[in-house]
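Chemist: Give me a model of this one.
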Amino acid sequence: MSTPDWWEDTDLAIAVAEVEEFVAAGGWDSPPQLFALVATSQLLEAQPALAPTLTETTRYTPIAQESLPAGELSLALSQISWPPEVAGCVLVQEIVVLPPEAGASLSVDPETAAGQAAGHPDRAEARLTAGVLRAADGGACLLRLRGEHGDAPLRGADLAPNLLEALRMTFED
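Modeler: Numbering: from 1, shown residues only. So this is what the prediction gives:
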């Protein structure tokens, strides 16, 4: 039996939520941020001095990476590769969400469509946090709307399949 598209690995989903909570503490209007996921047990083995600050109850520890270069996110992701110690990665970005019926009125040109979406009267701003593991299919996503609905995030690996695929490609040789 195969798992549904929305199914999330529990340990990965915990790491994604932890990253989203960390980024949320800094407020809104932030550039995309990338985090490496390292097995907590391996991190503690390599750096025992971190033991007081880490909990072994979480399987993965997120480690913030340098800022991504300005410009097209897909281009930045296509130039990333990870060392073998990195078990996965999580990306946080702010996006514009439109109702499904609004998509038909957007331009096919991505740059023009982005401008149209940003000015659309029914748009909502959101923070999308997505993560993948090196050795697993699927992923985990969390979407938090800005404003009055911000306390009830949406979850599910099917929220951003293209982004999950782009993150997965950072692990290909």
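
Chemist: partners of the longest strand anywhere in the chain in the sheet?
Modeler: Of all segments of type strand in the chain, defined using DSSP state E, the longest is strand 86-97. Sheet partners assigned to strand 86-97 using DSSP bridges are listed as strand 33-39 (antiparallel), strand 124-133 (antiparallel).

Chemist: give me the number of residues near Arg155?
Modeler: By other CB atoms under 10 Å, 16 other residues sit near Arg155. To be clear about C-beta, it is placed using only N, CA and C from the backbone, and glycine gets the same treatment.

Chemist: Buried residues, the lowest-mean-pLDDT helix or strand in the chain. List them.
Modeler: In the chain, no helix or strand scores lower on mean pLDDT, DSSP states H and E than helix 110-119, which sits at a mean of 77. Judged by neighbour count using 16 or more other CB atoms under 10 Å, the buried positions of helix 110-119 are 116-117.

Chemist: I'd like the C-alpha coordinates of that helix written as PDB, please.
Modeler: The C-alpha coordinates for helix 110-119 follow below in PDB (Å, rounded to 0.1, in the frame of the first residue of the first chain):
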ATOM      1  CA  PRO A 110       6.100  34.100 -14.400                       C
ATOM      2  CA  GLU A 111       7.300  37.600 -13.800                       C
ATOM      3  CA  THR A 112       4.100  39.200 -15.000                       C
ATOM      4  CA  ALA A 113       2.000  36.700 -13.100                       C
ATOM      5  CA  ALA A 114       4.000  37.400  -9.900                       C
ATOM      6  CA  GLY A 115       3.100  41.100 -10.200                       C
ATOM      7  CA  GLN A 116      -0.500  40.300 -10.900                       C
ATOM      8  CA  ALA A 117      -0.700  38.000  -7.900                       C
ATOM      9  CA  ALA A 118       0.900  40.600  -5.600                       C
ATOM     10  CA  GLY A 119      -1.800  43.200  -6.600                       C
END
